[in-house]
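Colleague: Fold the following.
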Amino acid sequence: FVEKGSIQRNCKIRLYRNDVLIHEGKLASLKHYQNEASEVKAGSDCGLTIDGYNDLREGDVIECYTVQQVEKKLL
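Modeller: Below you'll find the predicted structure:
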């Protein structure tokens, strides 16, 4: 269940269990009601698989993020 924000297919993830970082990687797939999805927004259920990791448990928290390169500006 997506609580805040959204999950995008190309995002990187951090998996927390009991407030301890367990795994960091990327999503392998993202589904919304049996259909492949590119984005799932807050308030929706979704299914996902994590690339190289399959030990998900009830209560785990998955944080999704993207990395962007920002050009430096002179003041």
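Colleague: and the longest strand for the chain?
Modeller: With secondary structure taken from DSSP state E, the chain has its longest strand at strand 20-32.
Colleague: mind listing what the helix or strand following that one pairs with, with the direction of each?
Modeller: Next along the chain after strand 20-32, taking DSSP states H and E as the criterion, comes strand 35-36. Strand 35-36 has the following sheet partners, assigned by DSSP bridges: strand 20-32 (antiparallel).
Colleague: pLDDT averaged over the longest strand of the chain, what's the number?
Modeller: On average, the pLDDT along strand 20-32 is 92.
Colleague: what comes up buried for stretch 61-75?
Modeller: For stretch 61-75, the neighbour count (16 or more other Cβ atoms under 10 Å) marks 62, 64 as buried. Heads up, the C-betas are built off the backbone N, CA and C, glycines and all.
Colleague: What confidence value was assigned to the spatially closest residue to residue 59 that is not a sequence neighbour?
Modeller: In space, and not counting its chain neighbours, residue 59 is closest to residue 17: 7.3 Å by Cβ to Cβ, 6 or more residues apart in numbering. Looking at residue 17, its pLDDT reads 94.
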